[in-house]
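Novice: Sequence below, structure please.
(one chain, ligands or ions: 2)
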Amino acid sequence: MDLPTLDFSHFTHGTDKQRVTLSEALVQAFKDHGFVKLINHGLPEETVTKYMQAATSFFALPEESKMRVANVKGPTPQRGYSWVGAEQTSKLRKENTLGRSDVDKLNDAREHFDAGPPGDSDFPNKWPLETEIPGFQPLMESCYDLFQQTCLQIMSAMEVGLGLQPESLVARCKPASSEMRLNHYPPTSIELLAGGQVKRTWPHTDFGIITLLFQDSVGGLELEDRKNPGTFVPVLPGSADGPSEMVVNISDTFQRWTNNVIRAGTHQVSVPLSMKDVTKGNCPDRYSGIFFFKAHRDTSAGSLPYFVTESNPAAYDEITALQFQQRMTKLLY
Ligand SMILES: O=C(O)CCC(=O)C(=O)O
Ligand SMILES: [Fe+2]
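Specialist: Ligands and ions are numbered 1, 2, ... in the order given. Below is the predicted model:
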């Protein structure tokens, strides 16, 4: 399977014809795979580099400093630090746990840090001490704003590609309720990963509208091949001398809005491709930087009337984006 790589500048800086062609290709890639790679996505290279560096710096903090901003487990949007084993993505899909008696042992070998909109008063962010990690909070907040802008542009392209009214998707995403996440996968025993109880990340879909994903050069991200359900193919990191690539996937809220016309991309993080034949030793550290683009909390996460027809009746319940997120987040613990 070949994941399409699209040049997003055709939408942001192209002719009318190029805008339409890009938008249609984007919709097609999402229909086919739930995933796409974008180049010339408009995010400065430096922003992406600094976002990834923020991950390295945060996870290098002493355990005590990370635990000072620990996320409180529960249904509320995640804020701060989740230690290895804190959440179990295995519990998000019944395919992961079906017929197993060891469900509580199906762990992720991953720690992560989550933050919501800058200055969020509903679910306040938890920032580590400025003295311990200088500049972390302002950097994260400036990345947030740029990622949010990029996602709004992708929504505009989806409006064109799907034949929706201009602003009809964009308006549902304001004010911003997106979330950013830094992931760290510590070196992990290959034998442990082969044992079947622990994965770097279990197969799942994300909860928001779309997700932006940046990964280091280690690899291991895989998406489900829709032509062969249950099998996964690698989403390889871009080459160091090639253009900066951004992985984008469709998440649950968009699947709900489009009433299954565009389905969320199921993905997991596994042993890197280059180590598939290795049976002993450790997988190296891996870092990823994520942006979960989300609908405004009070917006409906039910299917949009445009996608509900006699032959495709509404498949989802009428709940708000926040209620949906809480329903899903609760499953993780
Ligand atoms: O680390 C990755 O590449 C993917 C992480 C992921 O799927 C997530 O945080 O939702
Ligand atoms: Fe994910």
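Novice: Just give me the longest helix of this protein.
Specialist: helix 136-162 (DSSP state H).
Novice: what helices or strands is it leaning on?
Specialist: In this structure, helix 136-162 makes packing contacts with helix 9-12, helix 16-33, helix 45-59, strand 179-185, strand 210-215, strand 286-293, judged by 3 or more C-beta pairs under 8 Å, 6 or more residues apart in numbering; DSSP states H and E. Backbone N, C-alpha and C define where each C-beta goes, glycine included.
Novice: Ligand 1 contacts on the stretch 201-333 of the chain?
Specialist: The stretch 201-333 of the chain comes close to ligand 1 at residues 201, 206, 213, 215, 221, 267, 269, 288, 290, as judged by C-beta under 6 Å from any ligand atom.
Novice: run the last query once more with 5 Å
Specialist: Contact residues (C-beta under 5 Å from any ligand atom) of the stretch 201-333 of the chain with ligand 1: 221, 269, 288, 290.
Novice: hey, what's the third one bridged with?
Specialist: Read that as Ser288. On the basis of DSSP bridges, Ser288 takes part in beta bridges with Asn183, Gln215.
Novice: Tell me which residues are up against stretch 121-131.
Specialist: Stretch 121-131 is contacted by residues 58, 61, 65-66, 68-71, 76-77, 79-81, 115-116, 118, 136-137, 297 when judged by C-beta atoms under 8 Å, 6 or more residues apart in numbering.
Novice: before we move on, back to that, could you list the buried residues of the longest helix of the chain?
Specialist: Neighbour-count burial for helix 136-162 flags 136-137, 139-141, 143-144, 146-148, 150-152, 154-162 (criterion: 16 or more other C-beta atoms under 10 Å).
Novice: Just give the nearest non-adjacent residue to Ile210, would you?
Specialist: With C-beta to C-beta, 6 or more residues apart in numbering as the criterion, Ile210 has its nearest non-adjacent residue at 5.0 Å, and that residue is Phe293.
Novice: do you know how far that neighbour is from Ala314?
Specialist: 23 Å (C-beta to C-beta, to the nearest Å).
Novice: Would you mind telling me which of those two has more residues around it?
Specialist: Phe293 (27 against 15; other C-beta atoms under 10 Å).
Novice: Now that the more buried one has come up, it's in contact with Gln153, right?
Specialist: No. With contact defined as C-beta atoms under 8 Å, Phe293 does not reach Gln153; the gap is 10.9 Å.
Novice: And for the residue of the stretch 151-300 of the chain found nearest ligand 1, the neighbour number?
Specialist: The nearest approach of the stretch 151-300 of the chain to ligand 1 comes at Ser288, 3.3 Å away (C-beta to the nearest ligand atom). Each residue near Ser288 was counted by other C-beta under 10 Å, and the total is 26.
Novice: In contact with it, which residues are there?
Specialist: Going by C-beta under 8 Å, 6+ apart, Ser288 touches 55, 182-183, 213-216, 221, 269.
Novice: Who wins on neighbours among those?
Specialist: Of those, with other C-beta under 10 Å as the count, Val269 tops at 26 neighbours.
Novice: and that residue, backbone torsions?
Specialist: Per-residue torsions, Val269: phi -120, psi 130 (degrees, to the nearest 10).
Novice: Local confidence estimate at it?
Specialist: On pLDDT, Val269 comes in at 98.
Novice: and it, bridged to which residues?
Specialist: When bridges are called by DSSP bridges, Val269 pairs up with Thr201, Leu221.
Novice: wait, it sits on Val198?
Specialist: No. Using C-beta under 8 Å, Val269 is not in contact with Val198, being 11.6 Å away.
Novice: Near ligand 1, which residues of the stretch 51-200 of the chain are found?
Specialist: Counting by C-beta under 5 Å from any ligand atom, the stretch 51-200 of the chain sits next to ligand 1 at Asn183.
Novice: what's near enough to touch whichever residue of the stretch 1-150 of the chain sits closest to ligand 1?
Specialist: Nearest residue of the stretch 1-150 of the chain to ligand 1 (C-beta to the nearest ligand atom) works out as His112 at 6.5 Å. His112 makes contact with 81-82, 181-184 under the criterion C-beta under 8 Å, 6+ apart.
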